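Enquirer: can you look at this prediction? I've put the sequence above it.
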Amino acid sequence: MSHDTALIALLAVGFVLACGFGYLAARIRLPPVVGYLVAGVAAGPFTPGFVGDAHLASQLAEIGVILLMFGVGLHFSIDTLLAVRRIAVPGAIVQIAAATAIGAVLATSWGWSAGAGLVFGLALSVASTVVLLRALEQRHELGSPSGRIAVGWLIVEDLFTVLALVLLPVLASTLTGTSDGAHSTVTVTLLTALGITLLKLGIFVAIMLVGGRRLVPWLLDRVARTGSRELFTLAVLAIALGIAYGSAVLFNVSFALGAFFAGVLLSESDFSHQAAADSLPLQDAFAVLFFVSVGMLFDPSVLVRSPGAVLAVVLVILVGKSLAAFLIVLLLRYPVAVALTVSAGLAQIGEFSFILASLGVSSGLLPAQGRDLILAGALLSITLNSFVFASVAPVQRWIRARPRLLARLERGSAPLAVLAMQDEARAAARDHAVLVGYGRVGGAIGQALAERGLPFVVIEKDRQLVEALRSQGAQAVYGDASVAAVLEAAGIDRARLLVIASPDGYEARRILDLARKTHPLIDTVVRTHSDGELRHFEREGVGAVLMAERELARGMVHYTLKSLGAPSGAPRLGS
């Protein structure tokens, strides 16, 4: 294969295999992610046939991680991060220490060195953010208190791993030193490296929170004023990838963390819903490539060569680490539901584990067998993670059916007051009208509602119009109403009426479908310019479907008949 076409071949074959195996997995009631992993194995160097470029695959997968973490940041606010710090920070640190110790004991039982045990244990202790987010999104728990705590927990793990990646090379020199003088010198070097890394992290966070908090929304505001949808999407991607790359180059922060903070900064503005919607298709596509790249690294022969070791590694990940997290959350006085969600989310390993394993092998700390076992544990734990999450609800019901056990586990649970208050603030608007489009028709409707004091929320793509409405005291959301996140921001699940004043029939269909998925019984009124669309909406049971030409004809016929002395009444018009 020509080097010039390696990227095209990887994308084409990777997506085709992922689609095929993902479909087969779904048909046999397995999570599609299992199919993506199998597709990676099929495209890897350890199976016959096509062999993709593993280096290119890892870079494409990194883009997926960046976009996914950016999306997570968009759904997080700084207040949310601060709200979960009391459980996420101590919980993640203690859990990493416990899982690292279990992994290290296992490694030393195989005769490995202390350094190898440390790297091996660290690799087994850190979970994949990508896998966790996918699981939470599929279960609609990303915005729940349990979901936010789990994500905050993994953010702390990511920060800890950044420090570990910086210190591992120095630690390798420490463990291979031979004299007291060498140990003393390397210890000083270790502390210096730690200090520099913490300083860089502090500067990065300060710049993000102080400067970026104003600059990023300001930039998107200027782009949104142009009215160009593709330019806005481009600006969102430029911010996500630009900050991720810049943070890695300038501050040695991982791409994922840089993208996450970019999303957090943008979450403070009203652009977050549209930005999340615009980046979602790319998130999905590149996230699939992440799982394909994991499969490409896996050598299936390790299952035959070391089945007992592979089983031990999987048990550490699924049982040891999860049990440690479950107990830690309960000790911090949080409910069983939170403990189960966090422990299920941590029952897998992923991207940072691969990086730690590769660095451990290159620095001479970890044997090649350790990397193979880590990859096997990652692939198997990712495959099984969906089933672990599926067991959360039955286990929770089993515990709640035993009041004495529940009372012992939940000893005065810590209040989730801050998170609950945020949810209540978003749920303030109720029994209102959601008005899509504020042109001549939508504007007349909005004015009539405002004059009568009736509550309504406008969804509008024109940024300047949204600002004008807000300056007048009206509630307005900037974005495309055919995107679920934008409808949710307008409180569609609590609305009484949906008014689609936009004349685009295809867009109206999409909006109606999304609204009814969230609120099946919502009343609707739709504007259309087509007889075919009118009949379609009438078949769909829309409350009222109005076509401009028909209403115009109806009014003129009514006046004509009245002027000529004919009996008044609603005229019947042919279609």
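Expert: Looks like it came in fine. Residues are numbered from 1 along each chain as shown.

Enquirer: secondary structure class for the nearest residue to Leu546 once chain neighbours are set aside?
Expert: Nearest residue to Leu546 in three dimensions, chain neighbours excluded: Arg527, at 5.6 Å (Cβ to Cβ, 6 or more residues apart in numbering). C-betas here are computed from N, CA, C, even on glycine. Three-state call for Arg527 (DSSP: H, G, I helix; E, B strand; the rest coil): strand.

Enquirer: equivalent analysis for Val457, please.
Expert: Going by three-state DSSP: Val457 is strand.

Enquirer: quickly list what it is bridged to.
Expert: Val434, Gln475 (DSSP bridges).

Enquirer: contact partners for the residue nearest to Leu546?
Expert: Applying Cβ atoms under 8 Å, 6 or more residues apart in numbering to Arg527 gives the contacts Val441, Ile500, Ala501, Ser502, Pro503, Ala508, Leu546, Met547, Ala548.

Enquirer: one more: Lys200?
Expert: Taking Cβ under 8 Å, 6+ apart, we find Lys200 in contact with Phe251, Asn252, Val253.

Enquirer: which secondary structure element contains it?
Expert: Here Lys200, judged by DSSP states H and E, is contained in helix 180-206.

Enquirer: check which element follows that helix along the chain.
Expert: Helix 180-206 is succeeded, C-terminally, by helix 213-224 (DSSP H and E).

Enquirer: contacting residues for Leu435?
Expert: By Cβ under 8 Å, 6+ apart, the neighbours of Leu435 are Gly442, Ile445, Gly446, Leu449, Phe456, Val457, Val458, Ile459, Val499, Ala501.

Enquirer: most surrounded residue in those residues?
Expert: For the contacts of Leu435, the largest number of neighbours (other Cβ atoms under 10 Å) sits with Ile459, at 30 neighbours.

Enquirer: now that residue. Nearest residue, chain neighbours left out?
Expert: Ala481 (4.4 Å).

Enquirer: what of Val33?
Expert: That would be Phe291: by Cβ to Cβ, 6+ apart, it lies 5.6 Å from Val33.

Enquirer: right, and the one you found touches Ile382 too?
Expert: Yes. Counting by Cβ atoms under 8 Å, Phe291 touches Ile382, with 7.3 Å between them.

Enquirer: which neighbours do the two share?
Expert: Val33, Leu37.

Enquirer: more neighbours, those two?
Expert: With neighbours defined as other Cβ under 10 Å, Phe291 and Ile382 compare such that Phe291 has more, 30 against 26.

Enquirer: sorry, back to before: what average pLDDT does the helix holding Lys200 get?
Expert: Regarding helix 180-206, the rounded mean pLDDT is 70.

Enquirer: stretch 123-131 too?
Expert: 85.

Enquirer: CA atoms of it as PDB?
Expert: Extracted in PDB, the C-alpha atoms of stretch 123-131 (Å, rounded to 0.1, in the frame of the first residue of the first chain):
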ATOM      1  CA  ALA A 123      -1.900   1.200  34.400                       C
ATOM      2  CA  LEU A 124      -4.600  -1.000  35.900                       C
ATOM      3  CA  SER A 125      -5.800   1.800  38.200                       C
ATOM      4  CA  VAL A 126      -6.800   4.500  35.700                       C
ATOM      5  CA  ALA A 127     -10.100   4.100  33.800                       C
ATOM      6  CA  SER A 128     -10.900   5.200  30.200                       C
ATOM      7  CA  THR A 129     -12.800   8.500  30.100                       C
ATOM      8  CA  VAL A 130     -14.100   7.600  26.600                       C
ATOM      9  CA  VAL A 131     -15.600   4.300  27.700                       C
END
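
Enquirer: report the distance from that stretch to the chain centre.
Expert: Offset of stretch 123-131 from its chain centre (Cα atoms, centre = their mean, to the nearest Å): 15 Å.

Enquirer: repeat that for stretch 551-571.
Expert: 56 Å.

Enquirer: what is the burial count for Val38?
Expert: 24.

Enquirer: what sits against it?
Expert: By Cβ under 8 Å, 6+ apart, the neighbours of Val38 are Phe21, Ala25, Gly295.

Enquirer: which stretch of helix or strand covers the second one?
Expert: Looking back up the chat, that one is Ala25. Going by DSSP H and E, Ala25 is in helix 6-27.

Enquirer: helices and strands around that helix, which ones?
Expert: helix 32-43, helix 54-75, helix 272-297 (3 or more Cβ pairs under 8 Å, 6 or more residues apart in numbering; DSSP states H and E).

Enquirer: just the angle between the last one and helix 54-75, please?
Expert: It stands for helix 272-297. 150 degrees (axes from the mean of the first three to the mean of the last three Cα atoms, to 10 degrees).

Enquirer: what does the very next helix or strand once past helix 272-297 contact?
Expert: In the C-terminal direction, the helix or strand that comes right after helix 272-297 (DSSP H and E) is helix 302-305. For helix 302-305, contacts defined as Cβ under 8 Å, 6+ apart pick out Val310, Asp372, Leu373, Leu375, Ala376.
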